[in-house]
Structure formats: structure tokens, C-alpha cells
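Enquirer: coordinates only, sequence not included:
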């Protein structure tokens with residue numbers, strides 16, 4: 001026997017230490033099993049791989065659907081225009097126990113909730129990364145419920161700022177931050193957009209049932225009692241679905257069956273929050289998010305008022321109708337962005353939203369009158385708004401990895417809150433001053449075009465190679481040498 005053959009045999013006879021890892025190529029797993037004296041290693045390896053894949057697939061979908069359920073409750077934020085209408089009617093009616101607010105400040109609890117929601121996402125992201133999604137979601141459910149109980153007991157402006165704006169806003173932030181990250185961690189990169197779209201679609205779709213339910217409760221029990229019922233109900237719903245949330249185990253690989261080349265290409269280096277703040281892409285994304293979310297929330301916050309002229313007392317239905325557009329935008333953007341890229345999808349969405357803003361101006365001014373024009377425009381605007389909520393979490397995972405996803409997305413999500421607070425507040429002030437929404441829509445249209453130009457810079461150039469983490473640890477490299 002030659003020296004070369006002898007050395008090779010000697011190496012292959014060495015015992016291999018450590019457990020068989022799922023991310024090793026199948027050839028290495030089989031070699032390790034053969035050396036340990038296992039029978040039919042190929043069959044065992046295949047069966048184990050299939051069993052693990054099925055279990056992971058099932059667990060991932062349970063987490064994703066639980067997150068969707070949580071968002072279906074927390075999406076009550078998008079029915080604000082119905083509560084706003086009840087407050088406006090109370091101010092106009094006057095009398096004992098009526099709301100006595102400045103009309104220009106009616107949207108303040110909603111704008112505050114959006115801002116606190118965004119700020120809470122940063123803290124909640126840290127809690128989610130450290131303690132897990134289950135505890136984070138339960139905290140969110142308790143805070144949201146407590147906030148609604150507070151506003152059920154008062155008509156005070158500051159009472160609603162604290163109860164709806166601060167407490168419910170923070171609760172929604174905690175619950176929302178716990179829903180998407182764990183779901184994305186269970187699935188491979190090729191499904192990031194789809195899963196993000198499905199989970200956040202719950203938040204947008206909530207108005208389909210909350211809007212008619214709110215209208216019924218308001219008509220039969222009044223605003224205060226309705227808020228109490230919502231507080232109790234949503235605390236129970238969020239806490240229940242939170243029990244099904246969990247992160248995948250340490251070392252989990254979303255797609256162990258993927259070939260080595262594809263797996264290498266999909267690996268993204270995990271970035272810390274301090275690192276993403278040093279990148280130009282973060283600030284471009286933040287600005288685009290600010291514009292896209294702010295413009296959409298400006299419409300959502302006044303949806304019922306915009307549709308009232310053409311739909312009368314049935315205007316509350318536009319809140320439910322636009323929820324379908326909101327949810328549809330999230331799922332569509334997720335699927336499309338998986339195919340054509342996040343940046344391309346974002347550019348299309350921002351341009352389309354700008355066009356819709358300009359098309360709405362003659363409808364608002366009464367130049368073009370149709371019973372269906374404004375509801376249709378609002379639905380498409382909210383469809384475009386919904387795309388933001390699927391695209392930006394997907395951007396976060398794509399660019400900065402899954403390890404610190406909660407905190408990283410929480411920081412980026414601050415753009416959503418600042419955009420909502422600023423543009424919703426400015427829009428309401430302009431409406432009170434000018435008597436209409438024309439100026440608000442024109443300004444939003446210009447901002448959206450600027451955002452589209454910025455989004456174009458996010459396209460990946462061919463010369464840019466994605467950062468790839470090492471595919472094997474040192475121990476695994478030694479294993480590969482040993483069996484060669």
C-alpha cells in the first residue's frame with residue numbers, strides 16, 4: 001500500500017468528535033454516521049432531514065398565524081376615524097358629559113399613538129430579542145387593554161392622550177414587535193416577503209370586522225362603554241395568541257436542504273443597531289418610510305370624513321373596505337418583492353401613491369363627482385400604504401440579518417411614527433385652516449415623488465457583492481478534510 005493511500009486511510013479512521021450538524025453537506029453527515037456504525041446512514045439522514053423539515057414547517061406556520069391573530073386585534077388603531085367621528089359629534093352636540101376639545105386637536109390621540117407606537121417598537125424590539133416574543137406580546141396586550149379602560153372613563157383631552165395615545169400606543173408597539181420577527185426567523189430568505197406580508201396583513205385587515213363592530217357598539221352602548229368592551233376583549237385575544245409565539249432554537253437553519261452555493265448566497269452578516277446607524281442605506285430607508293407611511297396614515301386617519309360626502313351615513317364602510325386594500329397591499333408587496341426585489345417594488349409603490357394623491361385633488365375639490373371615486377381612491381391609497389409594512393421589515397432582514405431583527409426594525413420603524421405624527425398633524429391643521437384636504441394631498445404627492453427618487457438608490461448594483469458569512473466553522477472544516 002502506498003504512503004499516500006495509507007495516510008488517507010489513517011485520516012478516515014480517525015474518530016470524529018461532536019454532533020452531526022444539520023448544515024453539513026449530506027455527504028459529510030453520511031460519512032460521520034458510517035464511522036459511528038449506524039445502519040443505512042443515507043436512509044436515516046434523509047428521513048431525519050424530512051422529519052425536521054416538516055416539524056419546522058409546522059412550527060413556523062403556527063407562529064406566523066399566531067402573529068397574524070395578534071395583529072388582527074391590534075389593528076384597532078386603523079379604526080380611529082370612526083372614534084374621531086363620535087368625538088366630533090359629541091363636541092357639536094355639547095352638554096353635560098360631552099367632549100370639549102379644540103377641533104384642530106381631534107386627531108392628536110391618534111397621532112400620539114402612532115408616535116408612541118414607533119418609539120415603543122425600539123424598546124419592545126430589545127425586550128423581544130432578550131426575553132422572547134411571548135412575554136413581549138403579553139405586555140403589549142395588557143398595556144393596550146389598560147389604555148382602553150382608561151379612555152372608557154373620561155372625555156378629557158389629556159385622558160385620551162394618555163390612555164389611547166401613550167398606553168394603547170405603547171401596547172400596540174409591544175404586540176406588533178413580537179408578531180413579525182419570530183415568524184420571519186422560521187422561514188428561508190426566499191419567503192421573507194411572503195411571510196412578512198401575511199403576518200402584518202392582520203393589522204391592516206382588522207378594520208374589516210372592527211369597523212362594523214365599533215359602529216354597532218357606538219350606536220347601542222355609546223363611546224365610553226364601547227372602549228371598555230374593546231379593552232377587555234383585546235387583552236384576552238392578544239394574550240391567548242401570544243402563547244403560540246416562539247423563536248426557533250439556537251443554530252436553527254431555515255432551509256437545510258438548500259444546496260451549498262445557494263445557502264452561501266443567502267447568508268447575511270448580522271448587524272448591531274450601532275452598526276446600521278453608520279450606513280447610508282439606513283437613512284435612505286428611514287426617509288422613504290417616513291414619507292410612505294406618513295402619507296398613508298394621513299388618509300387613514302380621515303378616511304370616514306373623506307368618504308362622508310359621497311356615502312353619507314354608510315361612510316363607516318369605507319374603513320372596512322380600505323382594510324382589504326391595506327391587507328392586500330402587504331401580501332402583494334411581499335410576494336412581488338420576493339420576485340423583483342425590494343427596491344424596485346418600493347419605487348413602484350411610491351410613484352403609484354403620488355399619482356393617486358394628485359388624482360384625488362379634483363375629487364376633493366368637487367370638480368369630479370362620483371359616489372365611488374373617493375372610496376376607490378382611498379382603497380388604492382391604503383393598498384399602497386400597506387406595502388410599506390411588508391417591505392421595510394423585509395429590507396431589515398435582508399440587509400442586517402435576523403439576530404438583532406427586533407431592535408433594528410424598531411429603530412427603522414421610528415420613521416413610521418414620526419411620519420404619522422408629523423403628516424397627520426399638519427394635514428389636520430391645513431384642513432381646519434383651508435377647509436379641505438387639497439393642500440395636504442398636493443404636498444404629500446410631491447414628497448412621495450422625492451421618496452421614489454431616493455428609493456431608486458437602494459437598487460443593488462452588479463458590482464456590489466453581498467456580505468457572506470463563513471459557511472463552516474473550524475471544526476467542520478477539519479471534518480471535511482478528514483473524510484476527503
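Expert: Cool, the structure landed. In this text the structure is predicted, and so the values were computed from the model without any measurement. Numbers count the residues shown, from 1 in each chain.

Enquirer: check contacts around the residue nearest to residue 199 when sequence neighbours are not counted.
Expert: In space, and not counting its chain neighbours, residue 199 is closest to residue 67: 4.4 Å by CB to CB, 6 or more residues apart in numbering. Using the backbone N, CA and C atoms, a C-beta is placed for each residue, glycine as well. By CB atoms under 8 Å, 6 or more residues apart in numbering, residue 67 lies in contact with 178-180, 182-183, 199, 202, 241, 245.

Enquirer: over to residue 67: give its phi and psi.
Expert: Main-chain dihedrals, residue 67, degrees, to the nearest 10: phi -60, psi -40.

Enquirer: the contacts of residue 67 in strands, which ones?
Expert: For those, membership in strands holds for none, with DSSP state E as the criterion.

Enquirer: most neighbours, which of these?
Expert: residue 178 (33 neighbours; other CB atoms under 10 Å).

Enquirer: packing partners of the longest helix seen in the chain?
Expert: In the chain, assigned by DSSP state H, the helix with the most residues is helix 207-242. If you count contacts as 3 or more CB pairs under 8 Å, 6 or more residues apart in numbering; DSSP states H and E, helix 207-242 packs onto helix 41-74, helix 80-93, helix 133-151, helix 169-185, helix 316-340.

Enquirer: of those helices, flag the one that's most buried.
Expert: helix 169-185 (a mean of 29; mean count of other CB atoms under 10 Å).

Enquirer: show me what that one is packed against.
Expert: Partner elements for helix 169-185 (3+ CB pairs under 8 Å, 6+ apart): helix 41-74, helix 108-131, helix 133-151, helix 192-205, helix 207-242, helix 373-400, helix 405-434.

Enquirer: can you do 6 Å?
Expert: For helix 169-185, the packing partners by 3 or more CB pairs under 6 Å, 6 or more residues apart in numbering; DSSP states H and E come out as helix 41-74, helix 108-131, helix 133-151, helix 192-205.

Enquirer: buried ones in stretch 92-107?
Expert: 99, 101, 106-107 (16 or more other CB atoms under 10 Å).

Enquirer: quick one on the thing from earlier: okay, the contacts of residue 67 in TSV with pLDDT next?
Expert: Below are these laid out as TSV (pLDDT from 0 to 100):
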residue	pLDDT
178	91
179	91
180	86
182	89
183	89
199	90
202	88
241	96
245	94
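
Enquirer: hang on, the earlier thing: of the helices and strands packed on helix 169-185, which is nearest residue 407?
Expert: When the helices and strands packed on helix 169-185 are ranked by proximity to residue 407, the top entry is helix 108-131, at 4.1 Å, counting by CB to CB.

Enquirer: so the closest one versus helix 80-93, what angle?
Expert: Angle of helix 108-131 versus helix 80-93, following axes from the mean of the first three to the mean of the last three CA atoms, to 10 degrees, is 150 degrees.

Enquirer: quick one: average confidence on helix 108-131?
Expert: Averaging pLDDT along helix 108-131 gives 87.

Enquirer: that one to helix 169-185, inter-axis angle?
Expert: 40 degrees.

Enquirer: give me the buried positions along helix 108-131.
Expert: Quick answer for helix 108-131 (16+ other CB under 10 Å): 108-129.

Enquirer: now the angle between helix 405-434 and it, please.
Expert: 180 degrees.

Enquirer: any residues touching helix 108-131, and which ones?
Expert: Helix 108-131 is contacted by residues 80, 136, 160-161, 164-166, 168-170, 172-174, 177-178, 301, 406-407, 410-411, 413-414, 416-417, 420-421, 424-425 when judged by CB atoms under 6 Å, 6 or more residues apart in numbering.

Enquirer: just stretch 323-333 next, same as before
Expert: 197, 200-201, 204-205, 207-208, 345, 379, 382-383, 386-387, 389-391.

Enquirer: list just the nearest of those residues to residue 250.
Expert: residue 200 (26.3 Å).

Enquirer: how many residues are close by that closest one?
Expert: 31.

Enquirer: return the distance of it relative to residue 193.
Expert: For residue 200, the distance to residue 193 (CB to CB, to the nearest Å) stands at 11 Å.

Enquirer: if we can go back for a sec, nearest to residue 235, of the helices and strands packed on helix 207-242?
Expert: With CB to CB, the closest approach to residue 235 among the helices and strands packed on helix 207-242 belongs to helix 133-151: 3.0 Å.

Enquirer: that closest one: how far from the chain's middle?
Expert: 18 Å (CA atoms, centre = their mean, to the nearest Å).
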